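1. Here is my input; please provide its structure:
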Amino acid sequence: MTERISHWIDGKPFGGTAARSGEVFDPATGEVRAHVDFAGEAEVEAAVAAAKAALPGWRGTSLAGRTRVLFAFRELLSARKHELAKIITSEHGKVESDAAGEIARAIENVEFACGAAQLLKGGFSENASTGVDVYSIAQPLGVVGVISPFNFPAMVPLWFVPNALACGNTVVLKPSEKDPSAAVFIAELFAEAGLPAGALNVLHGDKAAVDGLLEHADVKAISFVGSTPIARYVYETGTRHGKRVQALGGAKNHMVVLPDADLDLAADAAVSAGFGSAGERCMAVSVVVAVDPIGDALVEKIAERMARLRVGDGRDPESEMGPLVTAAHHARVESYVDAGVSSGASLVVDGRGIEVSEGGFWLGPTLFDHVRPEMSIYTDEIFGPVLSVARAASYDDALALINANPYGNGTAIFTGDGAAARRFQNEVEVGMVGVNVPIPVPVGYYSFGGWKDSLFGDSHAYGPEGFHFFTRTKVVTSRWPDRSHAGVNLGFPRNS
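-> Next up, the predicted model:
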């Protein structure tokens, strides 16, 4: 009998029955390892009601009290990170070193949220007018929803949940139904850290659960990470129902390699950024733009490194790339390889046909050259281990290629020329830029987010913008009359 994964509501596993459920696979074997309950209207209502009931107490908890919980959670997460990494690998398929890296980046965000007492300070202007003081305070929004994707089942929830809690909100988290166990593990650790029951709830499911949060009158804000079409839907639906929404969408990240670049460094970066986590990450490099005349040499170096890349079960410490998350996603990604061949791109390394273990969702690293902008392997977010090389005649052509793309998540440039790098970071229309760094994910005290179709709303994730998103500002203008002139003895000495 397979494991049942149920919701976490009001500080404990949900005890009700499920009208619907979904299968959770072990991607390395293709076997069903668990069934996850899907929420309907009643479960959504129960989770939101629990969060609403917990709100007054948690909001009223002192900043010191909130940060004590966050510090305790940070210590528990650090102590049990290897256990969480194994959970992630068993359901997502990424190798355990990738899972460990994901958790390390998540801990950065928890540590940032531990600074809530400093981050929530308002401003004060004494005597703005005669006898009048003006000051600002940041207050929580209330119950907030977090809808997170399958590719980072621990890190992305922890982009949002710690900041939301630090600001005094309560949370309903809806993780991906493909790999739901990490979210429950996180909720259990928060409970062990002293978070009151109901302050964090985990609701599993599909579109019905998402729509339930988007439409619920008691949910005041939604944070989302996923594909651009769904991000647009979440943003439009949530704002139509009066919510504050930050919806991070898809990407098509380019890596420009100029002729003066260190080609060995660039090739190493292209392989690690293109095939880490099997390419299932929104910051993966999917297009390498080789600026003439180094294209042939760069492609050769990338292909050489790909030949040495070990694909295998993520639980094997020797593995460097694991399987794709589900059979359906595998079929989708493989269809893009077929389309790339049909459209005339040069298939340098073919990842189709690889079989590491029977039944697993395996696709080897794949490399295309001479990819043109009209091809689907260029235009679409594939979200798999498929790397395309496009050729550009000059820096200007490479820049124009990136700026013409509807996505604007992350990009990188490899060069030894400081002037070229400075010009690139100024001119490129993308939210996150790496200079000789292939995946420019900001550290926890900056904020993560793209431009154009990679972001709906105006707030990036975590960091300073995360605290801004989860609070609303109130400005108080006050005047206190001098009661000493009204004959009231306040205990202060009077002038004779």
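
2. give me phi/psi at Ala327?
-> When read as degrees, to the nearest 10, the backbone of Ala327 gives phi -60, psi -40.

3. Contacts only, for it.
-> Counting by Cβ atoms under 8 Å, 6 or more residues apart in numbering, Ala327 touches 25, 30, 361. C-beta coordinates here come from the backbone N, C-alpha and C atoms, glycine included.

4. tell me how far the ends of stretch 457-475 are from each other?
-> End-to-end distance for stretch 457-475, by Cα to Cα, to the nearest Å: 24 Å.

5. And stretch 273-286, by the same measure?
-> Start-to-end span of stretch 273-286 (Cα to Cα) is 8 Å.

6. Numbering from 217 from now on, please.
-> New numbering, starting at 217: the last item is stretch 489-502.

7. How far does it sit from its chain's centre?
-> Here the centre of stretch 489-502 is set off from its chain's centre by 13 Å, with Cα atoms, centre = their mean, to the nearest Å.

8. now do stretch 485-502
-> 15 Å.

9. One more: stretch 415-428?
-> Once both centres are worked out by Cα atoms, centre = their mean, stretch 415-428 turns out to sit 17 Å from its chain's centre.

10. likewise stretch 283-303?
-> For stretch 283-303 - counting by Cα atoms, centre = their mean - the centre lies 18 Å from the chain centre.

11. could I have it exported to CSV, CA atoms only?
-> Presented in CSV, the C-alpha positions along stretch 283-303 are these (Å, rounded to 0.1, in the frame of the first residue of the first chain):
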residue,chain,number,x,y,z
THR,A,283,12.2,36.0,15.2
ARG,A,284,12.8,33.5,17.9
VAL,A,285,10.6,31.1,16.0
LEU,A,286,12.5,31.8,12.7
PHE,A,287,15.9,31.3,14.4
ALA,A,288,14.7,28.0,15.8
PHE,A,289,13.3,26.9,12.4
ARG,A,290,16.7,27.9,10.8
GLU,A,291,18.5,25.6,13.3
LEU,A,292,16.1,22.7,12.7
LEU,A,293,16.3,23.1,8.9
SER,A,294,20.1,23.1,9.0
ALA,A,295,20.3,20.1,11.3
ARG,A,296,17.9,18.1,9.1
LYS,A,297,18.8,19.3,5.7
HIS,A,298,20.1,15.9,4.5
GLU,A,299,16.8,14.3,5.4
LEU,A,300,15.0,17.0,3.4
ALA,A,301,17.4,16.6,0.5
LYS,A,302,16.6,12.9,0.3
ILE,A,303,12.8,13.7,0.2
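
12. what sits up against that stretch?
-> Applying Cβ under 8 Å, 6+ apart, the external contacts of stretch 283-303 come out as 312, 315-316, 318-320, 322-323, 326-327, 329-333, 370, 378, 381-382, 397-398, 401-402, 405-406, 408-411, 531.

13. what about burial for these, which qualify?
-> The neighbour count (16 or more other Cβ atoms under 10 Å) marks 312, 315-316, 318-319, 322-323, 326-327, 329-330, 332, 370, 378, 381-382, 397-398, 401-402, 405-406, 409, 411, 531 as buried among these.

14. Out of the contacts of Ala543, which sit inside helices?
-> In helices, judged by DSSP state H, none of these are found.

15. Which one of the residues you listed is nearest to Gly490?
-> Using Cβ to Cβ, Phe577 is the member of these that lies nearest Gly490, at 18.4 Å.

16. circling back: can you put the contacts of Ala543 in a markdown table and add distance to Pro356 and pLDDT?
-> Below are the contacts of Ala543 laid out as a markdown table (distance: Cβ to Cβ, whole Å; pLDDT from 0 to 100):
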| residue | distance to Pro356 | pLDDT |
| --- | --- | --- |
| Phe241 | 38 | 98 |
| Gly246 | 44 | 96 |
| Phe577 | 41 | 97 |
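
17. This completes my enquiry, with thanks.
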